[in-house]
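**Q** Predicted model and sequence below, questions to follow.
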Amino acid sequence: MLANRTLSEDQAAIRRQFIDFFESDRNEDKYLRRIQQMMVEGKHRLIIDMNDLLDFQSGSGPLGMSVMQSPAKYIPLLELAVKDRLLEQQADYLKIDYRTSSVNVGFEGPVGKILGPRELYARHLNTLVALEGVITKQSAPRPRVLETVHYCPETNKFSKKEYRDQLTPLLDSSHLPTVNVMPKTDMDGHALRTELGLSSFVDSQMAMLQEAPERAPTGQLPRSVELRFDDDLVDVVKPGDRVLLVGTYMPYTSGDSKTFHSIVMVNNVLPASSSLRITKPLDSHLTEMKNFCTKCLTQLGASGVLRTLSKAIAPGIFGLQSEKQAILLMLIGGVERKAHNSHVRGDINVLLVGEPSTAKSQLMRYVLGIAPIALSTTGKGSSGVGLTAAVTADSYSGERSLSAGAMVLADRGVLCIDEFDKMGPQDRVSMHEAMEQQTVTIAKAGIHASLNARCSVLAAANPVYGFYSVRHRLSHNVGLPESLLSRFDLTFIILDQHSSEHTRRVGAHILKNHMTSEPVGLDVTVSKTILQSDNSTVRSEDSSSMTTNCNGESIVSLDFLRRYIHHAKQLSPLLTETSQSLISQHYVQLRSEQQDGSKDGFFVTARTLEAIVRLATAHAKLRLSLTVDEDDVKGAMELLRASVHAAAAASAQREHDNADVFEDVQASKKARTEVPVVQNSSSAAEDSASRDFDARVRLALAALQKERKETVSLHALRDRVGKDADLLLVKKVMESVHSDDFVFDSLDETITFLF
């Protein structure tokens, strides 16, 4: 339809410039091949390299600058020039039946600075912009009318009417937006009949682009911008995709609203890998990483790289060496593979089950700061659709549309879920498919779709009763089904150790952190993203790769750790024959140990075998190796056995803590007895009566436990002790008793036995 317009002298001159651009010696062969390739693929969009337009000089300077500054003026004329070149190759290419289709152009290359939705301002209106972000919402494709044909039975004549909205490029005064109402009569009042079969339509789709969660400033909500895809760009993206796109940022009004809205008319969508703008490491960085790996392997053995880099994972947290190593392997990940139309995930899932105040949330906060793509949520604050995807009503078409959830938005990244045990049973069901098949299938409101959720899950959970009961299985302690627990490759139980030695070491470590850390000023107004952490080691490319922790020990810097993880993540090691045989032997041994009951551990299933492969592959990536050797399998099995036998280790740790606490109590009693204390006969009698009453309460409690009652009240216990017993004294004794066999609720005054 644009070709039917009469161009002004200025427009004809611009069109001539584009024709000269395509006929220049530098660009003729290049775009002739692109046009021929477009015709072979049956497409109607030609991608123009902005570098070529910037190098081509016109009367007013580089032609590319004019296109970027005034796309509404230049792009329609560029499409006319492309159409002329296309018709020279094949005159009837654009003809479809009795209609003529249009040709579109898209742009790639340096289209200015790559922006996010937060960086779009009024000065960017009516200019060409490049945006990056995550597609969070997408409407269903909807046909948009371009031209209708009407037939008058009385005069036996056909007439046409064009339909243009506010976003249609202008060529002249007669090309203004039209009223979108189909005519019922002609100029003479004769009735018209609309021939929809002869009319022209184009596909149109709306979407929302949100800035990446990890790029949003701390404490602020991510911002979004509206997108419109036309013709061949419809359904190119889907919710959850991270994209880099080029389009025209335009204002418009809707209905009777007096306010302006903004939208991006997309003309090109680049591959998802381009949106991350992952740069190739410098040669100096590669040499530095290789030398570091060689030094660690030479001095510390095959697991030297793992042990050295894990010290840089949350150095402010005392201990938890196995947990830190598991998080490092999770950040590296295995290798995703497809075989015989089946998908094998390469992402590693880790579950931390710990008592209160064991630094679970602090570990997750550190992962949020170091992972390139990371998203955080909580179990209680996220519903099932909030984690996977939701079906909402679309304001553009009035139909149902999809909105991506947290697991879809964290695609190719890490999803941290705190308070995992607080998630409702109905909400956890939606995670089963996402954690193993790494897809989210939606079948709601007539929408059937499958979205990618290829992310690693780092979850933290508290025991149901506030402390971990070593007498029960893990599933009973956290209230999670075995089917969901088996989807975690590694599970760690973190106990709050009560021995005096451990308490002194933790206290000293925390105090050193306070003494060596820098205070944060209250007058800081610059918001930082999660990636821009205020770690003093992140400086420039010339900064040192080593730093120190609060104890003065040498650890790698955060900047070096990020570079190393990014480089190692790109490798794809292969299993050797020896490593395959060794993995098989370890798997058979784990299964036999479980059947014999020699170890108190979790269920060992076929998923455990795949977990061994993923952990061994990640270990090989840390060594910058292209093969998975025996040492990698051994390193993976150390962590896996620590996970599988975590329950037995927790039971032994609890017994050891109880023994240490008993020794400390005996030592304190001995110290008190050595000091001469003058005690009268009345106080001695009171102590004897108190011990006797304590023994009576314990005997009554043991008798109630033998009756196999799940819950008893404090009054029932008082009656069992004796009706003359004081209820307050019984309550005081129960508050002083600590055991894994029951839980006492002082508020409700109830006792719950753990059978």
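**A** Structure received. Numbering: from 1, shown residues only.

**Q** Now do Thr378 against Asp421, distance only.
**A** Thr378 sits at a distance of 11 Å from Asp421 (criterion: CB to CB, to the nearest Å). From N, CA and C alone the C-beta is placed, and that goes for glycine too.

**Q** separation between the closest residue to Leu53 other than its chain neighbours and Leu54?
**A** Spatial nearest neighbour of Leu53, excluding adjacent residues (CB to CB, 6 or more residues apart in numbering): Gly64 at 3.3 Å. Applying CB to CB, the value for Gly64 to Leu54 is 4 Å.

**Q** Could you do Ser625 as well?
**A** For Ser625, the distance to Leu54 equals 44 Å [CB to CB].

**Q** Comparing those two, which residue is more hemmed in?
**A** Set Ser625 next to Leu54 and count neighbours by other CB atoms under 10 Å: Ser625 wins out with 20 against 17.

**Q** isn't that one right up against Leu575?
**A** No - assessed by CB atoms under 8 Å, Ser625 is found out of contact with Leu575, at 11.7 Å.

**Q** that's a helix at the residue nearest to Leu53, yeah?
**A** Yes - with DSSP: H, G, I helix; E, B strand; the rest coil as the criterion, Gly64 is part of a helix.

**Q** Next, count neighbours for it.
**A** When neighbours are counted by other CB under 10 Å, Gly64 registers 25.

**Q** List the contacts of it.
**A** Listed by CB atoms under 8 Å, 6 or more residues apart in numbering, the contact set of Gly64 reads 50-56.

**Q** what about the closest residue to Tyr366 other than its chain neighbours, which helix or strand?
**A** Leaving aside its chain neighbours, Tyr366 sits nearest to Ala314 (4.2 Å; criterion: CB to CB, 6+ apart). For Ala314, there is no host helix or strand (DSSP states H and E).

**Q** now swap in Ser430 and tell me
**A** Per DSSP H and E: helix 425-436 holds Ser430.

**Q** Check Leu7 too.
**A** Here Leu7 is assigned to no helix or strand, by DSSP H and E.

**Q** Please apply the same query to the one 4 residues further on.
**A** When elements are defined using DSSP H and E, Gln11 is found to belong to helix 9-23.

**Q** what's the answer for Met206, then?
**A** In this assignment (DSSP H and E), Met206 forms part of strand 193-210.

**Q** same deal with Asp719?
**A** Assigned by DSSP H and E, Asp719 falls in helix 714-721.

**Q** Which neighbouring elements make contact with that helix?
**A** Where contact means 3 or more CB pairs under 8 Å, 6 or more residues apart in numbering; DSSP states H and E, helix 714-721 is packed against helix 681-706, helix 727-736, strand 750-753.

**Q** where does the stretch 301-450 of the chain have low pLDDT?
**A** 380-386, 393-402, 426-427, 444-447 (pLDDT under 70).

**Q** Strands of that one, start to end?
**A** Per DSSP state E, counting those that start in this stretch, the stretch 301-450 of the chain carries strands over the ranges 337-339, 342-344, 350-354, 374-378, 389-393, 400-404, 414-418, 439-444, 447-452.
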